[in-house]
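Trainee: Below are the sequence and a predicted model for it; my questions follow.
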Amino acid sequence: MAAGRAPTRAERVRRHAGAGEARARRDAVMRRREFLVRAVAGSGTLLLGARALSAQEGTPAPGPEQSSGSSNLFDMNQGAAKRVVRPPKAGARASLTDDERDAVEHKIRCQCGCTLDVYVCRTTDFSCQVSPAMHRDVVALVEGGHSAQEIIDAFVDTYGEVALMAPKREGFNWAGYLVPFGALAAGGAAVVTVLRRMQQRADKVAAPVLVTGVGAKPLGTADELARLDAAIRRDD
C-alpha cells in the first residue's frame, strides 16, 4: 500500500512544484510590467516638471505694477492704466448722455498698446484690462459734472497727447493735417503738367500732317506751269 501511494505523492509534489513555478513566472511578469509602468509614469512626471521649471525660469512672473497679456494682433500692457481723477463739481450731475460719453471715448486711445479707442477696445477685446479701467474714469468724470473737453484734457494731463486718437490742431501738429493735403495738391498739379506737355507734343507731331497739302513740293517749274495754264485756256 505504501509503494502504491508513493507515485501519487510524487505526482502531487511535481504538480505543486509546477504550479509554484507558474506562479513565480506570472509574478515575475507582473513585476516587470509594474516596473515598466512606473518607469514610464515617472519619466513623464520628470518631463513635465522640467518643462514647468524651464518655463518658470525663462519667463519671469509679472509683478503687481505691470502685467502683460496677448491679443490676436499685439502684446498688451495690462498695467498701463493710470487713475484719472478730478474732484466733482458743486451740485454735480451727469454732464453727458451715454451716447455723448461714448463719443468722448472714441477720441481717447486705449493705452494697452493697441491702436483702438477706449470704446472699441472695451467692447471688442474682452481680454484687455486697461480700457475698462479708463472707461470707469470717464464715467466718474461724467458723474462729477465735467464736460467732454474737460474729460479729454484730464486724460491728456495724465497720459500726455498719446491719449488722443488724433493730435491737437496746434503748433507742429498742424503738419499732420496739412502735409497730406499739400502732397495731394502737389501730385495733382504734377499730373496736370505732365498731361499738358503730352498734349503739346501731340499737337507738334500732328501739325505737319495738317499742312502737308500746303507745303507739298510743286509738280513743275513756274514756266512749265504757265505753259500748262495757257494750253488749258486755249482748249477752253
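Mentor: Perfect, thanks for sending it.

Trainee: which stretches of this structure form strands?
Mentor: Under the criterion DSSP state E, the chain contains strands at 68-70, 75-77.

Trainee: worst average pLDDT in those strands?
Mentor: The weakest mean pLDDT among the strands of the chain belongs to strand 68-70, with a mean of 53.

Trainee: Run through the residues that contact residue 110.
Mentor: 116-118, 121-122, 128, 130-131, 134 (CB atoms under 8 Å, 6 or more residues apart in numbering). Backbone N, C-alpha and C define where each C-beta goes, glycine included.

Trainee: That one and residue 94: what is the separation?
Mentor: 23 Å (CB to CB, to the nearest Å).

Trainee: how about stretch 88-97: buried residues?
Mentor: In terms of neighbour count (16 or more other CB atoms under 10 Å), stretch 88-97 has its buried residues at 95-96.

Trainee: which residues are in contact with that stretch?
Mentor: By CB under 8 Å, 6+ apart, the surrounding residues in contact with stretch 88-97 are 104, 142-148.

Trainee: 10 Å instead, please
Mentor: 100-104, 138-148, 150-151 (CB atoms under 10 Å, 6 or more residues apart in numbering).

Trainee: So which of those residues belong to helices?
Mentor: Among these, DSSP state H puts 100-104, 138-143, 148, 150-151 in helices.

Trainee: would you turn these into a markdown table with neighbour count?
Mentor: Converted to a markdown table, these look like this (neighbours: other CB atoms under 10 Å):
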| residue | neighbour count |
| --- | --- |
| 100 | 13 |
| 101 | 20 |
| 102 | 17 |
| 103 | 13 |
| 104 | 21 |
| 138 | 24 |
| 139 | 15 |
| 140 | 16 |
| 141 | 26 |
| 142 | 22 |
| 143 | 15 |
| 148 | 17 |
| 150 | 14 |
| 151 | 25 |
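
Trainee: tell me the domain ranges of this protein?
Mentor: 25-60, 68-166, 182-236 (automatic domain parsing).

Trainee: Lowest mean pLDDT across those, which one is that?
Mentor: For these, where the average pLDDT is lowest is domain 25-60, sitting at a mean of 53.

Trainee: ok so, going back, quickly name whichever of the ones in helices among the contacts of stretch 88-97 is closest to residue 76.
Mentor: residue 138 (19.5 Å; CB to CB).

Trainee: Can you give me the separation between that closest one and residue 200?
Mentor: For residue 138 relative to residue 200 (CB to CB), the value is 60 Å.

Trainee: List the residues that contact the nearest residue to residue 155 once chain neighbours are set aside.
Mentor: In space, and not counting its chain neighbours, residue 155 is closest to residue 163: 4.4 Å by CB to CB, 6 or more residues apart in numbering. Residue 163 makes contact with 82, 84, 107-111, 118, 134, 152-157, according to CB under 10 Å, 6+ apart.

Trainee: repeat for residue 147
Mentor: Residues in contact with residue 147 (CB under 10 Å, 6+ apart) are 89, 95-96, 100, 104, 141, 153.

Trainee: Output the residues you listed in a markdown table; the columns should cover distance to residue 187.
Mentor: What follows is these, written out as a markdown table (distance: CB to CB, whole Å):
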| residue | distance to residue 187 |
| --- | --- |
| 89 | 50 |
| 95 | 44 |
| 96 | 41 |
| 100 | 39 |
| 104 | 36 |
| 141 | 43 |
| 153 | 37 |
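
Trainee: now, among these, which is nearest to residue 224?
Mentor: Closest to residue 224, out of all of these and judged by CB to CB, is residue 104, at 95.5 Å.

Trainee: Please, where are all the helices along the protein?
Mentor: Applying DSSP H to the chain gives helices spanning 2-58, 98-106, 118-124, 130-143, 148-159, 174-210, 222-235.
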